[in-house]
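**Q** For reference, the sequence and a predicted model appear below.
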Amino acid sequence: MTASAPPAPAAATRTAPARGRTVGLGAACLVLAVLCVASLAIGTQAVSLSTVWQSVTDYQNLGDQWIVHDLRLPRTVLALLVGLALGLSGTLIQAVGRNPLADAEILGINSGAALFVVSAIALLGLQGIWSFIWFAFAGALAAMAAVALIGMSGRAVVTPVRVLLAGVAVGAVMDGIGFAIRLRHPRAFDDMRFWDAGALDGRPLDVALAISPFIGVGALLCLLVAGSLNVTSFGDDLATSLGGNVIRTRVLSLVAVTLLAGAATAGAGPIGFVGLMVPHAVRRVTGPDWRWILAYAVVVAPAVLLSADIIGRVVIAPSELPAGIVTAFVGAPVLIWLIRRQGADRS
């Protein structure tokens, strides 16, 4: 008679997945660090790693140090902040709305922020990040309200695809109004043509410093609601019966998405699909736990945006392709794949 193997301890069974997630998160941090170095070294003119190190630690404006210090360092910092904001906002939208197709760009939130910024520049003559960042927040909030009203109106059942179509419609209208304003006031946007495409270059470090407090507050709100997202994902009635505060979670999430999406759009222009792709990519490692998905989004989303920016620098060298266009090339097929997945419209 053969002896049966003893069952694995319950504690070991519970800690094994957590250990794998921790290792994966550490690996993602390492990849992000490598991409940061690559962002400082790679471009129209390649810079040696020794020059990169000297530019960061002991800048003396010698040789190519100015390229790293004055051009690529602000660009890299902005990519980290904007990528973090887009990843967290997209994850929050998918979690609270229980919509796997949601993203700040697809739902028109970025378009709303961009429209209000364009209006502030053309109609009010405002210039500089501190002048129109508040309009970006107002535009993001207005777009979310419009999508909610349209998506939930009528007698039809609210589905992810219905909300998606409402977001596409709102975004299209706001983009159309924004382009009409640009055509009427072309001189006001001579210095912001690349901003429309979601570019990270040409931004001084002051832009990153201006949006960082708002992104920090948004990230803090994500931390506050992270523990409630798993409960609210079961539905309002069950979440309430389990002790979850659905209204508090949604209000805080709404404020967080407004801050994150508005700050990202004000700093780098409308960049889409990062918030859509990242939660789906990391879920293969994290599982359905939204706390881990948010933690991974903090690292993976900046890595995705940095990768897109680096690819844009070299794919049509010596010219550059804005990062927002690169993410659109990658993100559009991902959206089509998600829609075609069986049962995606019933998620």
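**A** Sure, I can see it.

**Q** pLDDT score assigned to Phe214?
**A** If you check Phe214, the pLDDT there is 95.

**Q** looking at this structure, which helix or strand is least sure?
**A** Counting by mean pLDDT, DSSP states H and E, the weakest-scoring helix or strand in the chain turns out to be helix 236-241, with a mean of 64.

**Q** chain center to the very next helix or strand once past that one: distance?
**A** In the C-terminal direction, the helix or strand that comes right after helix 236-241 (DSSP states H and E) is helix 246-268. Distance of helix 246-268 from its chain centroid, counting by Cα atoms, centre = their mean, to the nearest Å, is 11 Å.

**Q** what do you get for stretch 208-217?
**A** On Cα atoms, centre = their mean, the centre of stretch 208-217 falls 14 Å from that of its chain.

**Q** Could you do stretch 110-119 as well?
**A** Centroid separation for stretch 110-119 versus its chain: 16 Å, with Cα atoms, centre = their mean.

**Q** which residues sit against stretch 299-317?
**A** Here stretch 299-317 makes contact (Cβ atoms under 8 Å, 6 or more residues apart in numbering) with 25, 28-29, 31-32, 35-36, 38-39, 42-44, 75-76, 79-84, 86-88, 90, 200, 271, 274-275, 277-278, 281-282, 320-323, 325-327, 330. Glycine gets a C-beta too; all of them are placed from N, C-alpha and C.

**Q** Just the buried ones out of the residues you listed, please.
**A** Neighbour counting with 16 or more other Cβ atoms under 10 Å marks 25, 28, 32, 35-36, 38-39, 42-43, 75-76, 79-84, 86-88, 90, 200, 271, 274-275, 277-278, 281-282, 320-323, 326-327 as buried within these.

**Q** Going by residue numbers, what spans are helices in the stretch 201-347 of the chain?
**A** Taking DSSP state H, counting those that start in this stretch, the helices of the stretch 201-347 of the chain run over residues 205-232, 236-241, 246-268, 274-286, 290-314, 323-340.

**Q** Would you convert those helices into a markdown table that also reports distance to Thr51?
**A** Shown next, in a markdown table, are the helices of the stretch 201-347 of the chain (distance: least, Cβ to Cβ, whole Å):
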| stretch | distance to Thr51 |
| --- | --- |
| helix 205-232 | 19 |
| helix 236-241 | 54 |
| helix 246-268 | 26 |
| helix 274-286 | 30 |
| helix 290-314 | 17 |
| helix 323-340 | 24 |
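
**Q** Least reliable of those helices by average pLDDT, please.
**A** helix 236-241 has the lowest average pLDDT among those, namely a mean of 64.

**Q** Measure how buried the residue nearest to Gln127 when sequence neighbours are not counted is and give me the count.
**A** Once flanking residues are discounted, Gln127 sits nearest to Ile121: 6.9 Å by Cβ to Cβ, 6 or more residues apart in numbering. Using other Cβ atoms under 10 Å, the number of residues around Ile121 comes to 23.

**Q** Which neighbouring elements make contact with the helix or strand containing Ile121?
**A** Ile121 belongs to helix 109-124 when assigned by DSSP H and E. Counting contacts by 3 or more Cβ pairs under 8 Å, 6 or more residues apart in numbering; DSSP states H and E, helix 109-124 is packed against helix 129-152, helix 160-184, helix 246-268.

**Q** from these, which stretch is densest packed?
**A** Mean neighbour count (mean count of other Cβ atoms under 10 Å) peaks for helix 246-268 among those, with a mean of 24.

**Q** what's the angle from that helix to helix 129-152?
**A** In terms of direction (axes from the mean of the first three to the mean of the last three Cα atoms, to 10 degrees), helix 246-268 departs from helix 129-152 by 130 degrees.

**Q** Now the terminal residues of stretch 261-277, how far apart.
**A** Its start and end residues considered, stretch 261-277 measures 16 Å (Cα to Cα, to the nearest Å).

**Q** Distance from that stretch to the middle of the chain?
**A** Distance, stretch centre to chain centre, for stretch 261-277: 5 Å (Cα atoms, centre = their mean).

**Q** Now Gly24: closest residue in space, sequence neighbours ignored.
**A** Counting by Cβ to Cβ, 6+ apart, the nearest residue to Gly24 once its immediate chain neighbours are dropped is Val285, at 4.7 Å.

**Q** how near is the one you found to Gly275?
**A** Val285 is 18 Å from Gly275, where distance means Cβ to Cβ, to the nearest Å.

**Q** Kindly report the same for Trp195.
**A** With Cβ to Cβ as the criterion, Trp195 and Gly275 are 19 Å apart.

**Q** Pull out the buried residues from the longest helix seen in the chain.
**A** Ranked by residue count under DSSP state H, the longest helix found in the chain is helix 10-41. For helix 10-41, burial by neighbour count (16+ other Cβ under 10 Å) applies to 21, 24-25, 28, 32, 35-36, 38-41.

**Q** Remind me what it packs against, helices and strands.
**A** Secondary-structure packing of helix 10-41 (3+ Cβ pairs under 8 Å, 6+ apart): helix 49-57, helix 73-97, helix 274-286, helix 290-314.

**Q** between the ones you listed, which gets nearest to Ile336?
**A** Nearest of the helices and strands packed on helix 10-41 to Ile336, taken as Cβ to Cβ: helix 274-286 at 11.4 Å.

**Q** got the angle for the closest one vs helix 290-314?
**A** With the same axes, to 10 degrees as the basis, helix 274-286 and helix 290-314 are set at 130 degrees to each other.

**Q** Done for today, thanks.
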